[in-house]
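Engineer: From the sequence below, what's the structure:
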Amino acid sequence: MSLNGKRVAVLVEQKYEELEVWYPVYRLREAGCEVVLVGPEAGKVYPSKLGYPAKADAAAADVKADQFHGLVIPGGFSPDYIRRSEAMMTFVRDVCAQGKPVAAICHGPWVLCSTTALRGKTVTCFHSIKDDVTNAGATVVDREVVVDGNVITSRKPDDLPAFVVAIMDALRKG
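Structural biologist: Numbering: from 1, shown residues only. So this is what the prediction gives:
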């Protein structure tokens, strides 16, 4: 079943993990989904940890949660920068509040620590942020992918195949 007609935002900021942005972007596009790279500034190029460019299609301040069917939050060091942008955080909070699929991988759940999305959820994440995620109200388990309600989480790039399948399943159900 294709994802034609579905629209997903993928957050971009500097020092993102390359695979955690581009693997979901290309897999979702292959399935017919419209993918929009959302950053603090539209048209700005955000370099990955290794310098690979990701140009934001839209600014977080200019998009609304109701324009999207889901959200992907990659890891790397970008979550630390994403959390510094009130527009990015407002967008994330609004998508969470609407109950749409919110997928975060590796350090991505760090962004969700600044929302109420993790309270009472079972999730997974990169081991170094386990305490932060626990303090945000989640129960952390060590699995390649965890789906709890609208929150989808994975630990690391090796988990990307299962992570993207879970995203696609959630979008098809939604």
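Engineer: contacts and neighbour counts: CA atoms only from here.
Structural biologist: OK.
Engineer: how close does the spatially most central residue of the chain sit to residue 47?
Structural biologist: Among the residues of the chain, the one closest to the centroid is residue 73, at 1.7 Å (CA atoms, centre = their mean). Distance from residue 73 to residue 47, counting by CA to CA, to the nearest Å: 16 Å.
Engineer: how about low-confidence regions in the chain?
Structural biologist: For the chain, residues meeting the criterion pLDDT under 70 lie at 1.
Engineer: can we see that at 50?
Structural biologist: The chain contains no residues with pLDDT under 50.
Engineer: Surely the residue nearest to the centre of the chain and residue 106 touch.
Structural biologist: No: in this structure, residue 73 is not within contact of residue 106 by CA atoms under 8 Å, at 9.1 Å.
Engineer: Give the residues shared as contacts by the two.
Structural biologist: Common contacts of residue 73 and residue 106 (CA atoms under 8 Å, 6 or more residues apart in numbering): none found.
Engineer: hang on, the earlier thing: OK, contacts around the residue nearest to the centre of the chain?
Structural biologist: If a contact means CA under 8 Å, 6+ apart, then residue 73 has 10, 11, 79, 102, 103, 104, 105, 108, 109, 111 as its contacts.
Engineer: tell me the contacts of the first one?
Structural biologist: Listed by CA under 8 Å, 6+ apart, the contact set of residue 10 reads 21, 25, 35, 36, 37, 38, 71, 72, 73, 74.
Engineer: among those, which are in strands?
Structural biologist: Secondary structure assignment (DSSP state E) places 35, 36, 37, 38, 71, 72, 73 from those within strands.
Engineer: Bridge partners for the fourth one, pull those for me.
Structural biologist: Read that as residue 38. For residue 38, the beta-bridge partners are residue 11, residue 58 (DSSP bridges).
Engineer: For it, grab the count of nearby residues.
Structural biologist: By the measure other CA atoms under 10 Å, the count of residues near residue 38 is 27.
Engineer: so it makes contact with residue 60?
Structural biologist: Yes: the pair residue 38 / residue 60 is scored as a contact, 5.8 Å apart, by CA under 8 Å.
Engineer: Contacts only, for the nearest residue to residue 17 once chain neighbours are set aside.
Structural biologist: In space, and not counting its chain neighbours, residue 17 is closest to residue 76: 4.3 Å by CA to CA, 6 or more residues apart in numbering. If you count contacts by CA under 8 Å, 6+ apart, residue 76 has them with 15, 16, 17, 49, 106, 107, 108.
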